[in-house]
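>>> below: sequence and its predicted model.
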Amino acid sequence: MEIDYSKRSFSYYPTNAIVYATCIDGKWSEPVETDNFNLSLHCFAGIFHYAPSCFEGLKAFRGVDGRVRLFRPDENAKRMASGANYLDMPSPSMEMFLDLCIRCVQLNWDFIPPYESGASLYLRPILVGINPQLGIKSANDVMFAVMASGVGTYSGAKALKPGTAVMSRNYDRAATYGSGGYKLGANYAQSLHAYNLAHNQGYRELLFLDSATHSHIEEFGSSNFFAIKNGCYVTPDSTSVLPSITNKSLRTVAEEFGLKVERRTIYTDELESFEEVNSCGTAVVITPICRIDDKPALESDTVTKVIKYSDECGPISLKLYNRIIGIQKGIEEDTYGWCMFVDERKA
Ligand SMILES: Cc1ncc(COP(=O)(O)O)c(C=O)c1O
């Protein structure tokens, strides 16, 4: 059956199979490929209570040349390893991470959207503690699994359609000395309620501030913040912000285009002086922000300040976006060697 990817949002859509491996007593199993999506885990497994869990998100793109590419999967492998290290639990090696990602793409080859659709096969690697436990301890045994979903554009919105944001002054995503710099499941649980409040009020993005002073910008609920001002690419420098692979790539491309890159504290007072403001992440690369509302409390109707930006993606952001998409889809030369090719498995 032909899939209409234009009707798909960034959601779970069933695919063929998943692949996983377990590490028990320090020894990794061989990868298991299965069409059984119901994993069997001990009900006392750590993942069900203390949240020993980290995960990743990356995409497989079908390029203009028909070939399939993963974008910087080595960066996802490193970020997962840093999260596992923070949780004091085992992590897959770089080689294993890449191998399971490749297998997952090959197993779900029929679900890689065509180039023209603009859609992609989203990979979701997870690493969870599985040994039965009671009492707060790090996981000894883990399962590493990679699963996939053929996704359309985020929220069903057209690419680069600007969205509104609200600043969160009474909910924090991550503590100053907490785990915000790692892609842990626990961080998302922490931000869900505030995220729902913002979304139910029609905001596309929720902008978190630093938890200690609520005076400077951290990041959006599921993406990083960057702005353009006086020929500079400006993005927050904070250990409690997730090190976004998209942001890292945009910084490289910004330098290629002659922009100065500044990673520094961005106080909320500076927001009005930015020429272009965006959120960035794997899901859509860039979402231009057309308005930021400042509210003393997310639940209240009171808006103390409205900061407006253009209703269209800014020209510099657009240039950066096109370069990243160009590399991901094989339209432009991958001068940085960011893409990893995946070939169809021979029968
Ligand atoms: C909190 C948060 N920040 C930033 C990002 C963007 O990171 P990346 O560009 O690696 O997708 C994500 C998405 O993964 C995220 O969930």
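Sure, I can see it. Residues are numbered from 1 along each chain as shown.
>>> from here on, contacts and neighbour counts on C-alpha atoms
Will do.
>>> quick one, strands of the stretch 51-200 of the chain?
Secondary structure of the stretch 51-200 of the chain by DSSP state E, counting those that start in this stretch: the strands cover 53-55, 58-62, 68-71, 120-129, 142-151, 163-168.
>>> so is the first one next to the ligand?
Same thing as strand 53-55. No: using C-alpha under 6 Å from any ligand atom, strand 53-55 never reaches the ligand; the gap is at least 9.1 Å.
>>> the third one now?
No: residues of strand 68-71 are not located near the ligand by C-alpha under 6 Å from any ligand atom, the shortest gap being 10.3 Å.
>>> follow-up on the earlier one: reformat the strands of the stretch 51-200 of the chain as CSV; add mean neighbour count and mean pLDDT.
Shown next, in CSV, are the strands of the stretch 51-200 of the chain (neighbours: other C-alpha atoms under 10 Å; pLDDT from 0 to 100):
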stretch, mean neighbour count, mean pLDDT
strand 53-55, 25, 98
strand 58-62, 26, 97
strand 68-71, 25, 98
strand 120-129, 24, 97
strand 142-151, 25, 96
strand 163-168, 23, 96
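>>> adding distance to E33, write these out as TSV.
What follows is the strands of the stretch 51-200 of the chain, written out as TSV (distance: least, C-alpha to C-alpha, whole Å):
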stretch	distance to E33
strand 53-55	19
strand 58-62	19
strand 68-71	20
strand 120-129	14
strand 142-151	10
strand 163-168	39
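>>> would you mind giving the domain segments of the chain?
5-152, 163-328 (automatic domain parsing).
>>> element containing the closest residue to F225 other than its chain neighbours, please.
The shortest distance from F225 to any non-neighbouring residue, by C-alpha to C-alpha, 6 or more residues apart in numbering, is to S279 (4.8 Å). Taking DSSP states H and E as the definition, S279 sits inside strand 276-281.
>>> what's the angle between that strand and strand 163-168?
Put simply, strand 276-281 runs at 80 degrees to strand 163-168, going by axes from the mean of the first three to the mean of the last three C-alpha atoms, to 10 degrees.
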